[in-house]
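In: give the three-dimensional model of this entry:
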Amino acid sequence: MAAKILIADDEEVFLRPTSLFLQKHGYLCDCVRSAEEAAAALDKGPYDLLIVDINMPGNTNLEFLRNRLAPSSFLPVIVVTGYPTFHTAVESLRLSVVDYRIKPLDLPNFLETVQSAIGKARVVRVMREAREGFGTWLDQVSQMETALLSTDAGGAAKTGSSGNLDWYLNEAIRRFANLSMSLMNTVQTLKQGLPEGKTDVCSLMNCSRLAFYENLVRETVEVLIKTKNSFKSKELAEIRKKLESALKNKA
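Out: This next block holds a predicted model:
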């Protein structure tokens, strides 16, 4: 799916050529001419990148970015200006802006910045979703553990209609394997969407979390192999094969 970019600038001589250039390279671009229009566009739907001019109406001193963007925002921002100052450059850095560019732009070089910014933001989103997913899995395992430890008046474990001990263990492994498979598929999709020559997601992010998640997937495969005789499930066997295939083809 093509990345979506919002360009906010009141100069038509910059707005139109820049949007056409980015569209030529496969991006979807919306153009606005003030901070008010930019805010309205951001409220309507998600964007992968915001390119914003400093001296447009409503953002003469970066106040739009200061008031609009939360520290936890996944929206990367590139600031452009024809009137660079030390103050705006420092303030842009403080606001964690991806880049500070002076007009007129070197478009080929600018394109690399756009590609890198969008790629990093997408990986951050994947890492956040993966962290939340593993948190949910741990909650589910905790709930199953509580159910197993619950006893009735006679001292027997309450397995209910869901099954016995084997079922709980099988279900915990199955859910974790599905989650790991989902993460691996997402990472592979991200790799396919990166610019040519930038197929290493971890290098792009300069991250350590990706290696951590890869190790989790490997550990999942090992558990599935060790327990294949205890839990004879075609579904688990199929998940194990997919995880092994994903690990082999990760490069």
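
In: and the residue nearest to residue 121 when sequence neighbours are not counted, how many neighbours?
Out: Once flanking residues are discounted, residue 121 sits nearest to residue 76: 4.8 Å by CB to CB, 6 or more residues apart in numbering. Placement of C-beta: from N, CA and C, glycine included. By the measure other CB atoms under 10 Å, the count of residues near residue 76 is 24.

In: gap between residue 76 and residue 234?
Out: According to CB to CB, to the nearest Å, residue 76 stands 43 Å off from residue 234.

In: so residue 178 makes contact with residue 238?
Out: No - between residue 178 and residue 238 there is no contact under CB atoms under 8 Å: 10.9 Å.

In: of these two, who's got more company?
Out: More neighbours surround residue 178 than the other of residue 178 and residue 238, with 18 against 12 (other CB under 10 Å).

In: now do the more buried one, the pLDDT please.
Out: On the pLDDT scale, residue 178 is placed at 72.

In: before we move on, what SS does it have?
Out: helix (DSSP: H, G, I helix; E, B strand; the rest coil).

In: give the contact list for it.
Out: By CB atoms under 8 Å, 6 or more residues apart in numbering, residue 178 lies in contact with residue 239.

In: cool, residue 86 as well?
Out: Contacts of residue 86 (CB under 8 Å, 6+ apart): none.

In: please report the distance of it from residue 37.
Out: Residue 86 is 29 Å from residue 37, by CB to CB.

In: now swap in residue 22 and tell me
Out: Taking CB to CB, one finds residue 22 at 18 Å from residue 37.

In: likewise for residue 90?
Out: Distance from residue 90 to residue 37, by CB to CB: 27 Å.
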